[in-house]
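K.L.:
for reference, the sequence and a predicted model appear below.
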Amino acid sequence: MFELYILLLFMILGAIIAVEIKDLLSSVIAVGAVGLGLSVAFLILKAPDLAITQLAVEILCLIILIRATIRRDIPTLNRRKEVVGSIIVLLFIGGFLFFAYLALKDLPSFGHPIMRVSQNYLAEGLRKTGATNLVASVILDFRAYDTLGEATVLFTAVIGVLAVLRRIGRKKVDEVVKEEDE
Amino acid sequence: MNKKIKQPGMTLIVKTITRLTVGLILLYGIYIVTHGHISPGGGFAGGVIIALSFIHLMLAFGKDLALRKLSEKLAAFFESFGAIMFLTIGLLGFIGGYFFFNFIFKGKPFNLFSAGIIPLCNIAICFKVGAGLFAVFVALILLKVPIKKE
């Protein structure tokens, strides 16, 4: 338990550095460090499937995607911060924390989940599916319908990238874009 | 700006190391996918690693060589193929009773060919995720370049 708190502290520090630092590449690396911490935290909590996915997706994709595709002239925000916006954000965070305190009191304590449905999976997973990796048997057999929807996430991501980045999405206000440029 | 870049890609050191490692990365991704029902891993993580091997190639050698290995048309085909395969496996479950019914013989635990439809689902998700991530990267690369030149 103790090492988990050290990891959490490390991740919080990394997140603060990622927000506050000026250089964009350093900021990306700080976010990557947070992802690494999360991956190790998954390993400590005995979830190696999630650790592998986290390591591959969070760090490598984040760093490679941003580092390889970012442009040299990065626009930085130098305007003064808006006071009203900050107040509204603070109000929302306060409200969220208040209601989260009320809601989270009823949850079981950390490391002692309510084992109603999952107990059945643990007991009969190997016999019913034949997969020794119980995570695979849950996500691809008992809960395969959820995975069917989840698999289309990246397709949605492709469409989102194309919608934002194509030529017509970047035109200036008075610029006319020809049809074949799209 | 300056026009000193003659051939695409990074330096000779990066190219040599990439030539050595990219096959191992691809093999590791395939291992993670095919052993997803025995050991930790699975289709999503394996697909990401396979996509990363192609992205690695693209970073080191430039986009032309990587697109010759896996063109964007082929990536689009694999993405659709993964989705159709996953859906077909789900629909074939109606043979036994319900959606995503595990209708294939389950085999012995800890064998590579066991667990019925789960390895097939892993492979389908691997196609979908790998081709999808590669397509995101290709879209980011292809749509960036002409704007820089004009």
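P.N.:
Structure received. Numbering: from 1, shown residues only, chains lettered A, B, ... in the order given.
K.L.:
every contact and neighbour count from this point should use C-alpha atoms.
P.N.:
Fine.
K.L.:
all helices of the chain, in order?
P.N.:
Looking at chain A here, since you left the chain open. With DSSP state H as the criterion, chain A has helices at A:2-20, A:24-44, A:48-54, A:62-69, A:83-104, A:117-129, A:134-137, A:144-150, A:153-165.
K.L.:
the chain in question should be chain B.
P.N.:
Ranges of helices within chain B are B:12-34, B:43-61, B:63-69, B:72-92, B:118-149, based on DSSP H.
K.L.:
reformat those as CSV; add mean neighbour count, distance to chain A and mean pLDDT.
P.N.:
As requested, those are arranged in CSV below (neighbours: other CA atoms under 10 Å in any protein chain shown; distance: least, CA to the nearest CA, whole Å; pLDDT from 0 to 100):
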stretch, mean neighbour count, distance to chain A, mean pLDDT
helix B:12-34, 17, 10, 88
helix B:43-61, 25, 5, 85
helix B:63-69, 15, 12, 78
helix B:72-92, 18, 7, 84
helix B:118-149, 22, 5, 76
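K.L.:
who wins for proximity to A:Leu148 among those helices?
P.N.:
Closest to A:Leu148 of those is helix B:72-92 (CA to CA; 7.4 Å).
K.L.:
list of residues touching the closest one?
P.N.:
By CA atoms under 8 Å, 6 or more residues apart in numbering or on different chains, the residues outside helix B:72-92 that reach it are A:148, A:151-152, A:155, B:99-101, B:117, B:120-121, B:123-132, B:134-135, B:138.
K.L.:
do the same with stretch B:45-64
P.N.:
Residues outside stretch B:45-64 that contact it (CA under 8 Å, 6+ apart): A:52-53, A:56-57, A:60-61, A:68, B:8-11, B:14-15, B:18, B:22-23, B:25-26, B:28-33, B:65-67, B:70, B:125-131, B:133-134, B:137, B:141.
K.L.:
once you drop chain neighbours, what's closest to the residue nearest to the spatial centre of chain B?
P.N.:
Nearest to the geometric centre of chain B sits B:Gly130, at 2.7 Å (CA atoms, centre = their mean). In space, and not counting its chain neighbours, B:Gly130 is closest to B:Gly47: 4.3 Å by CA to CA, 6 or more residues apart in numbering or on different chains.
K.L.:
do the same with B:Pro40
P.N.:
Excluding its sequence neighbours, the residue lying closest to B:Pro40 (CA to CA, 6+ apart) is A:Asp49, at 4.8 Å.
K.L.:
counting neighbours, what do you get for the one you found?
P.N.:
21 (other CA atoms under 10 Å in any protein chain shown).
K.L.:
show me the contacts for it.
P.N.:
Contacts of A:Asp49 (CA under 8 Å, 6+ apart): A:135, B:40-42.
K.L.:
name the helix or strand of chain A that has the lowest mean pLDDT.
P.N.:
With mean pLDDT, DSSP states H and E as the measure, the helix or strand of chain A carrying the lowest mean pLDDT is helix A:62-69 (a mean of 65).
K.L.:
how about the nearest residue to the closest residue to chain A within chain B, chain neighbours excluded?
P.N.:
Residue nearest to chain A within chain B: B:Ala115 (4.2 Å; CA to the nearest CA). Distances taken as CA to CA, 6+ apart place A:Gly130 nearest to B:Ala115, at 4.2 Å, with adjacent residues excluded.
K.L.:
quick one: pLDDT of that neighbour?
P.N.:
The score at A:Gly130 is 73. That number is its pLDDT.
K.L.:
also A:Arg166?
P.N.:
67.
K.L.:
same check, this time on A:Lys171
P.N.:
For A:Lys171, pLDDT reads 54.
K.L.:
then A:Gly14?
P.N.:
In this prediction, A:Gly14 carries a pLDDT score of 91.
K.L.:
equivalent analysis for the one 10 residues further on, please.
P.N.:
Per-residue confidence (pLDDT) for A:Leu24: 75.
K.L.:
number of nearby residues for the residue of chain A found nearest chain B?
P.N.:
Going by CA to the nearest CA, chain B is nearest to A:Gly130 of chain A, at 4.2 Å. If you count neighbours by other CA under 10 Å, A:Gly130 ends up with 26.
K.L.:
can you check A:Val28 too?
P.N.:
Residues contacting A:Val28 under the criterion other CA under 10 Å number 20.
K.L.:
kind regards, and thank you for your time.
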